[in-house]
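Enquirer: sequence unavailable; structure follows:
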């Protein structure tokens, strides 16, 4: 879905091109790369930001001033956030100037997305539309910083691109770059500990090597260790939580506990028996909502389990990548607590009640998607459903975040 999708001016895209020597090709997504569907409202996002702004004003003429301000604030806040990145890379005198500039523009950036919209926008419909892309960063408007929202919106203001051959090509590109630089990629290595010397410096990692019939313990020594498994796993599972290191990292663990986890989701993966372009699908993403409320996650999770999802994100990866067979994905955010009663059971052995729940969820997601994509159900050849337990199993992210 969005994994692998980048904006036209993306640093990530330029980096992938560099690593692959230009071998990683890109498909441009359709002009309307996102479509927002609400009761009585169906709005597509143009890859031309000026056109998108004009279309919003045409749909909400009474909010013209707020819309113009919104686009200005999106760009200003993105610049504010970029200054924060640059601050750590420049000489100290220049960093001081950047910090001063950030203080002057920080109030908007560090407030929540909901607070910004409540302050500047009157129309509930327009608030819902402008917040629609919160699914890209995983927190609803009341919990997300406007700075993060602005980064995502500005990133896609001029449309989206997707790797030819699918998002897995990005991983292959990283592997090629690593190996060309003299490095090696080791798969099926479950890291269990970051090793430290007496002074507390990281010296390597201990892993369980799952290649082959028997699991073997291995140690890899390294002058620098970079953990990309998330802050929670790094500080709570891979580093000591007691002794001197435990005391030094205690404040970080408490901060992480206060922050909590991001949202999780259920996903229905579909294999299609025919090209979705036969039902007028062009490869753009579709966000479908039953009402204008992006909050109330517990209530929305309860209705999801009953087969009545509040919202779905519909994506067609095969059209984006140019691959076959044709596929689609339907995603809906949820509270992982709803699935905790099956957490202790191994994957594939969670019983008939869990299987029936997944079937009910899949039916509900497909039904809501069908309301915006007529004919999708008739194209379905095979269905597979994942839950927060699936995500936690494969990624080790707490609560499938």
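Expert: Yes, it's here. These numbers come from a predicted model, not from an experiment.
Enquirer: quick one: the strands in the stretch 51-200 of the chain?
Expert: 161-163, 189-196 (DSSP state E, counting those that start in this stretch).
Enquirer: just those strands: most buried one?
Expert: When the strands of the stretch 51-200 of the chain are scored by mean count of other Cβ atoms under 10 Å, the highest mean neighbour count falls to strand 161-163 (a mean of 23). Using the backbone N, CA and C atoms, a C-beta is placed for each residue, glycine as well.
Enquirer: pLDDT-wise, which helix or strand of this structure ranks last?
Expert: Taking mean pLDDT, DSSP states H and E as the measure, the chain has helix 11-19 as its least confident helix or strand, at a mean of 69.
Enquirer: secondary structure class of residue 314, three-state.
Expert: Following DSSP: H, G, I helix; E, B strand; the rest coil, residue 314 is assigned to strand.
Enquirer: contacting residues for it?
Expert: 285-288, 328-330, 369, 372-373, 376 (Cβ atoms under 8 Å, 6 or more residues apart in numbering).
Enquirer: among the residues you listed, who's most crowded?
Expert: Highest neighbour count within the contacts of residue 314, by other Cβ atoms under 10 Å: residue 330, with 29 neighbours.
Enquirer: where does pLDDT dip in the stretch 1-150 of the chain?
Expert: Within the stretch 1-150 of the chain, the segments meeting pLDDT under 70 span 1-4, 8-12, 15-16, 19-21, 104-105.
Enquirer: one more: the stretch 251-400 of the chain?
Expert: For the stretch 251-400 of the chain, no range has pLDDT under 70.
Enquirer: what ranges does it have for its helices?
Expert: 297-305, 317-321, 351-372, 376-379, 388-395 (DSSP state H, counting those that start in this stretch).
Enquirer: of all the ones you listed, which one is nearest residue 251?
Expert: helix 388-395 (25.9 Å; Cβ to Cβ).
Enquirer: pull out the buried residues from the closest one.
Expert: Using 16 or more other Cβ atoms under 10 Å as the test for burial, helix 388-395 gives 388-393.
Enquirer: can you check stretch 215-228 too?
Expert: residue 225.
Enquirer: likewise stretch 300-316?
Expert: Counting neighbours by 16+ other Cβ under 10 Å, the buried set in stretch 300-316 is 300-301, 303-305, 307, 309-316.
Enquirer: could you tell me the end-to-end distance of that stretch?
Expert: This stretch, stretch 300-316, spans 24 Å end to end (Cα to Cα, to the nearest Å).
Enquirer: what's the answer for stretch 111-128, then?
Expert: Per Cα to Cα, stretch 111-128 runs 18 Å from first to last residue.
Enquirer: ok, now how distant is the spatially closest residue to residue 309 that is not a sequence neighbour from residue 304?
Expert: Nearest residue to residue 309 in three dimensions, chain neighbours excluded: residue 332, at 4.6 Å (Cβ to Cβ, 6 or more residues apart in numbering). The gap separating residue 332 from residue 304 is 6 Å, by Cβ to Cβ, to the nearest Å.
Enquirer: who touches both of those two?
Expert: Joint contacts of residue 332 and residue 304 (Cβ under 8 Å, 6+ apart) are 266, 310.
Enquirer: which of the buried residues of helix 388-395 sit farthest apart?
Expert: 388 and 393 (9.6 Å).
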